[in-house]
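# Make a model of this:
(chains A, B and C)
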Amino acid sequence: MTGAAGRVIGRSVARNEDERLLRGRGMYVDDVRAPDALHVAFLRSPVAHARIRVLDVSAARAHPGVTAVWTHADLGEHAEPLPLLFPHEHLPHPKTQQPLAVDEVDFVGQPIAMVIAENRYTAEDAVELIELDLEDLPAVVDYEAAVDQGPLVHADLPTNVAADGTWTVGDPDRAFAEAEIVVRHRFVCERSSSMPMEPRAVLARLDPGTGSLTVWDTTQCVLPVRSALVAKLGLPEDLLHVIAPDVGGGFGLKGYLLYPEELLVPLAALRLRAAVRWNEDRREHFLASNHQRGQAHTIELAATRDGVITGLRDDFVQDQGAFIAYGLITPWIAASHVAGSYRIPNVSVRYRCVYTNKVSVSPMRGVGRPQSSFALERAVDLLAHELGLDRAELRRRNLVQPEDFPYAREGLFFAGYPVVLDSGDYPKALELALDAIGYDGFAAEQALERERGRYLGLGLACYVEGTGEGPYEGARVYVQPTSGKVQVTTGLTTQGQSHATTFAQIAADVLGLEPDQVQIEEGNTAAFGFGAGTFGSRAIVNCANAISLAALEVRDKALRYAANMLEAAAEDLEVGGGMIHVRGVPERSVSLREIAIAVNPIRYTTLDPSTAGVERFAPARTWSGFERGDGPLLEGSAFWAPSSTTWSNGVHAAIVEVDPGTGDVRYLRYVVVHDCGVMVNPAIVNGQIHGGVAQGVANSFFERMVYDETGQHRNASFLDFLMPYATEVPSIEIHHLETPSPLNPLGIKGAGEGGSISPPAVTAAAIEDALAPFGVHVDEAPLDPQRVRALIAAAPGGAA
Amino acid sequence: MKHAVTLTVNGERVEREVEPRLLLSDFLRHELGLTGTHVGCEHGVCGCCTILVDGAAARSCLMLAVQADGVELRTIEGLAEGEELHPVQAAFREAHGLQCGFCTPGFVLAITAFLEESETVDLSDGAIREAIAGNLCRCTGYQNIVEAVRIAARAMGKASA
Amino acid sequence: MKPPPFDYHAPATLDEAVRLRTELGPEASILAGGQSLIPLLNLRFARPSALIDLRRVRELVYVRAGQDGVAVGAMTSQRELERSVDAARLCPLLREAQRCVAHPVIRNRGTVGGTIAHADPAAELPAALRVLAGHVTVRGPRGERRIDADELFQFHFTTSLEPDEILTEVFFPALRPDAGSAYLELSRRHGDYPLAGAAAIAAGDHVRLCFAALGPTPVLVESDDPADWDAAIEPAGDIHASAGYRRELAAVLGGRALALARERATGGAA
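Below you'll find the model as predicted:
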């Protein structure tokens, strides 16, 4: 009694969401029509650290077209720090941000006052009329130095070190004491940002009749935002709706709880009994939307002479920015991935988060994995060099083997679960990558090109990606009672992940439909009330399994009703083509629509011949109440709560050409081997990899947040923050492995972040390899042409 | 002081009075309700707000609405003719050339102008990438957009032999 | 990021524009293609009292090729100049340099006069104008005058135009038949302003180089000795490149551009 399993899952069908978006009919927050809305602009701190001596908004309040101007003093009960989401014993000094600054500002861009006016132009005019007098305080910019010296970001704390914790696996001290060789080095990744193309936006509208507040928000997490606003604003859930319509990219940045604006705009709508909107502009986005990536790792590997890695110690420091509302999520994820794809039995990893006078960090695609992977993979290359062993061979000797699964690293945790790598074939992935990049023949090609004056280099890195964290997601699948259209609602949101297609494929697969016959509704708290959100490569693992279970419930009910209608045993029925039919007798069939109409005694009867089968439903003639507790509808609801996390894995390899004269670097090849278990839609998985690699390439050679010694942000525009165009991103060659996860019925693992993890390590390795004749060593990301030139100049053979 | 402007937008005549400082992007979105033109940076780098001005691609955030007096604009809403997607739109769908969709209208219009004004198009990766540099995308890594250009160029009879 | 308020004028003729320029004084700005000015307005870095938009002054839109060079009306879009077959033939350097200017969408609106008058020392066309020994024509209340490229560029974003003058024409002299030329630059992303750019012309023993982004103006050097280049340039450091690194680039790019120009001169090709 099943349809053709896997018929829809695994197919690269075109996306359901595309036509609308391509015609300009998307509905992003700023597209939601509200001509009566008031517009918000913020006065933001022009300096990194200062005491507020004078803040006078009277001229701004008097400006024509201005409705209100608020400072901290106007916020009443909301003049309190925003919540700390994940308190922990390793975080003894938590600080979170006030919605509007009180007495002191701690980073450039921190909101100080809020102007609400008839339009954005006027609001910005009024912001310029606010009198602000600041007394500069010393700014903390260098986070490594700030660990134990210099001024404090928060004068009421004894230190800038917000958090300090250590995780241990096995007995690393003994491993290092007994090591035949130890390598140790410091590796640094600089700050960057998610930088979605759509900046943040919030629109809030109070319905004066019902008193309900609707908030349109570019969030990745509508339900948690609703919970936060319910708690803050004192409205019950039925009067507070949060909608994330189309969202123009998030990459973690929009999954923060709460940004000040997400509280202040709804509060303004509530107090002013009006529609109020704020559209972040790009400059604000640079200054006041969270960053990430800045970490400095000092890593050590202990090994035997024949290249078996026996121990790893990592001690890293994170540039936290001024506040730490997300607790230790980012360092934890960095720490949980520090041993990568390798069997390293003894691990110690210490993390510290250090306050600086910069905008805070919060998870961004990859979330700590690119940094710890950079440290690990660079250290493995260093070890290979010290051992005189081929770097692919060293990796080969240390990879977790297929028979090792489930492979536990007792003492490390990912998303609250002990780290247990669930499945994969890491050696096969490595061999596939080596083969694809032409590893064996490369040295000869490289030597030949060097004779011609061209410097080519190859980089290689393995990675693992913990995905699919819980606690749960849910879904409701139902067949609409008259049209028969299949609808799926979830508590998630989408920022480009293609849920309208992949989730439809899951339901369609169970119900024997085509994906374009299933409609997905998300991002609306009124439609589905429970869930966390779309982040951490978790959406498809949790939600696809929930949808599948819910759809199975629908299918079981449909089969039962169809058995009644077709006067056949349910066991003899099959699902397919939107119909249920008797196996081997396709003409004896009813459609899902007919069943949905039939089970509802208050149905609208139709003369449409395609619904003639409705009359065959037995209870329709002799109604005597619902059977077995069934209602009048064809629906199923389910939640999926994973027992542990699913671990995707892969290998990246690249070939670059370096121009030693200018220091410029060009990618010639970029190969990805990727295993995210069962792929629902390979084209969409490829798209995720392309985008992830592009962000990783940006972190390797282009993007950094530049601060001067006073904490001024020096490149807060697309003119100076070098987000790559098509001309800077290489063409990517992808090879898939599909090792199903044993942890969920669909065998799925997450695929959202894998692409972003390895590029910095691969790029650094490739540049180092290209410049091997000079003896260059690369230990930072991103590089840039000037730094490449400086590395050559500083290298032993670098007089060239 | 407001200035009267008369222009054609997607084939329809529009008359409005605008303040000199009103950006054309805001005029399209807020005055005309054409929200398919997206605003990503307002300093002319990202390309999300690209539209066609008298047939040539231009950043609508780098134009004032008053400057559009007397011109003919085409926005993403005016690209497809009826039910049928424009070949560039169709190619984006076929190639999975969009994810979040925010940069997409700007890309589609820039590429449409590029293909319309070229007699033949070099379909090499490098040539296409150079042609679409000028628009930022954060989701796709551009690879499938490059493929979409290839598909559209063939569909429009612009592929060089 | 919305512009501050300003008045707006769109004169239909050059005479009217010149009259407005005098009347409104130096607080007003000329709006040509707007690709540099409007970002500055949006960021509120520029606060002109009024804009004098030259878009209706059609008499300033032309590309006139003659034996001795190409005369380009100030309001001609960069794309239009780029499409001129005559310009490419007479001044092959131009198309090579123009392809590095931002992106086609920007060049559609950006004007030839605008980028010259903006006088960004990192911009490509000012370097091209100077290496070609070109000149501009300006119009003011005292009439029309010619300014040679050597005299035009004074400092960062500063030309020798008087505040009441308007740039009306840019003249790019034709490359001598026995000469070769080349433009090379290093930019971080395709279309970005260069970290350094080098325009070179070689004709027999005579060479001219002009460097972009290596001083407060495009820097002209008539020597093939890198030591002379190094003495002439005055690079500044910024977040993308230090002054020292820019000096390295001058030597590398200057050398490469010169070699290419010489190869083209002897090869007779572009």
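# Can you name the residue of chain B nearest chain A?
B:Gly36 (2.0 Å; C-beta to the nearest C-beta). In short, each C-beta sits where N, CA and C put it, glycine included.
# so that residue sits right up against A:Asp30, yeah?
No. Counting by C-beta atoms under 8 Å, B:Gly36 does not reach A:Asp30; the two are 11.8 Å apart.
# Helix or strand: which one has A:Asp440?
Per DSSP states H and E: A:Asp440 is located in helix A:439-451.
# how far out from the middle of the chain is that helix?
38 Å (C-alpha atoms, centre = their mean, to the nearest Å).
# tell me which strands and helices it is in contact with?
In terms of contacts (3 or more C-beta pairs under 8 Å, 6 or more residues apart in numbering or on different chains; DSSP states H and E), helix A:439-451 is packed against strand A:455-467.
# List phi and psi for residue 51.
Let's take chain A. Here is the backbone geometry of A:Arg51 (degrees, to the nearest 10): phi -90, psi 140.
# that's the wrong chain, I meant chain C
Dihedral pair for C:Leu51: phi -110, psi 140, per degrees, to the nearest 10.
# from memory it sits against C:Leu31, does it?
Yes. Counting by C-beta under 8 Å, C:Leu51 does reach C:Leu31; the two are 4.4 Å apart.
# Who has more neighbours out of the two?
Counted by other C-beta atoms under 10 Å in any protein chain shown, C:Leu51 and C:Leu31 do not tie: C:Leu51 has more neighbours, with 27 against 24.
# Roughly how far does that one sit from chain B?
Distance of C:Leu51 to chain B, given as C-beta to the nearest C-beta, to the nearest Å: 7 Å.
# same question, A:Thr159
Applying C-beta to the nearest C-beta to A:Thr159 and chain B gives a distance of 36 Å.
# Could you pull up the residues touching the nearest residue to that residue once chain neighbours are set aside?
Of all residues not flanking A:Thr159 in the chain, A:His93 sits nearest, at 6.8 Å (C-beta to C-beta, 6 or more residues apart in numbering or on different chains). Listed by C-beta atoms under 8 Å, 6 or more residues apart in numbering or on different chains, the contact set of A:His93 reads A:His154, A:Leu157, A:Pro158, A:Thr159, A:Val161, A:Ala162, A:Ala163.
# same question, A:Pro760
Taking C-beta under 8 Å, 6+ apart, one finds A:Cys189, A:Pro370, A:Ser373, A:Phe374, A:Gly696, A:Asn699, A:Ser700, A:Ala781, A:Pro782 in contact with A:Pro760.
# which residue packs closest to it, ignoring adjacent ones?
The shortest distance from A:Pro760 to any residue other than its chain neighbours is 3.8 Å, reached at A:Ala781 (C-beta to C-beta, 6+ apart).
# My guess is that neighbour contacts A:Ser192. True?
No. If you go by C-beta under 8 Å, A:Ala781 and A:Ser192 don't touch, sitting 9.7 Å apart.
# who touches both of those two?
With C-beta under 8 Å, 6+ apart, A:Ala781 and A:Ser192 have common neighbours A:Asn699.
# Buried ones in the helix holding A:Asp440, by neighbour count?
A:Tyr439, A:Phe442, A:Gln446 (16 or more other C-beta atoms under 10 Å in any protein chain shown).
# same check, this time on stretch A:300-314
A:Glu300, A:Leu301, A:Ala302, A:Ala303, A:Gly307, A:Val308, A:Ile309, A:Thr310, A:Gly311, A:Leu312, A:Arg313, A:Asp314.
# Return the mean pLDDT over stretch C:86-97, rounded to an integer.
Mean pLDDT, stretch C:86-97: 96.
# Show the end-to-end separation of that stretch, please.
16 Å (C-alpha to C-alpha, to the nearest Å).
# Over to stretch A:131-144?
Span of stretch A:131-144 from end to end, C-alpha to C-alpha: 35 Å.
# Please work out which residues outside that stretch touch it.
So stretch A:131-144 is in contact with A:43, A:45-57, A:59, A:104-105, A:112, A:146, A:150-153, A:160, A:294, A:296, A:317-320, A:354-358, A:707-711, going by C-beta under 8 Å, 6+ apart.
# what's the spacing between the residue nearest to A:Thr159 and A:Pro99?
21 Å (C-beta to C-beta, to the nearest Å).
# now do A:Gly255
19 Å.
# What parts of chain A come near chain C?
A:120-121, A:124-125, A:128, A:281-283, A:661-664, A:702, A:706, A:714-715, A:717, A:719-720, A:722, A:724-725, A:727-728, A:784-786, A:789-790 (C-beta under 8 Å from any C-beta of the partner chain).
# Next, see if the helix or strand harbouring C:Arg256 gets close to chain A.
According to DSSP H and E, C:Arg256 maps onto helix C:243-267. Yes. Shown here: helix C:243-267 in contact with chain A (C-beta under 8 Å from any C-beta) through C:Tyr245, C:Glu248, C:Leu249, C:Val252, C:Leu253, C:Arg256.
# Also stretch C:139-158?
No. Using C-beta under 8 Å from any C-beta, no contact is recorded between stretch C:139-158 and chain A, whose separation bottoms out at 15.1 Å.
# can you dump the C-alpha coordinates of that stretch into PDB?
Coordinates of each C-alpha in stretch C:139-158 appear next as PDB, following Å, rounded to 0.1, in the frame of the first residue of the first chain:
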ATOM      1  CA  ARG C 139      32.500  77.500 -20.200                       C
ATOM      2  CA  GLY C 140      31.800  80.200 -17.700                       C
ATOM      3  CA  PRO C 141      30.400  83.700 -17.500                       C
ATOM      4  CA  ARG C 142      33.700  85.000 -19.100                       C
ATOM      5  CA  GLY C 143      33.300  82.600 -22.000                       C
ATOM      6  CA  GLU C 144      35.000  79.500 -23.100                       C
ATOM      7  CA  ARG C 145      38.600  78.300 -22.400                       C
ATOM      8  CA  ARG C 146      40.700  75.300 -22.800                       C
ATOM      9  CA  ILE C 147      42.600  73.600 -20.000                       C
ATOM     10  CA  ASP C 148      45.300  71.000 -20.700                       C
ATOM     11  CA  ALA C 149      45.200  67.800 -18.700                       C
ATOM     12  CA  ASP C 150      48.500  68.700 -17.100                       C
ATOM     13  CA  GLU C 151      46.900  71.800 -15.700                       C
ATOM     14  CA  LEU C 152      43.400  70.400 -15.000                       C
ATOM     15  CA  PHE C 153      44.000  68.000 -12.100                       C
ATOM     16  CA  GLN C 154      45.100  69.900  -9.000                       C
ATOM     17  CA  PHE C 155      44.500  67.700  -6.100                       C
ATOM     18  CA  HIS C 156      42.100  65.000  -4.800                       C
ATOM     19  CA  PHE C 157      38.700  65.800  -6.300                       C
ATOM     20  CA  THR C 158      39.900  69.200  -7.300                       C
END
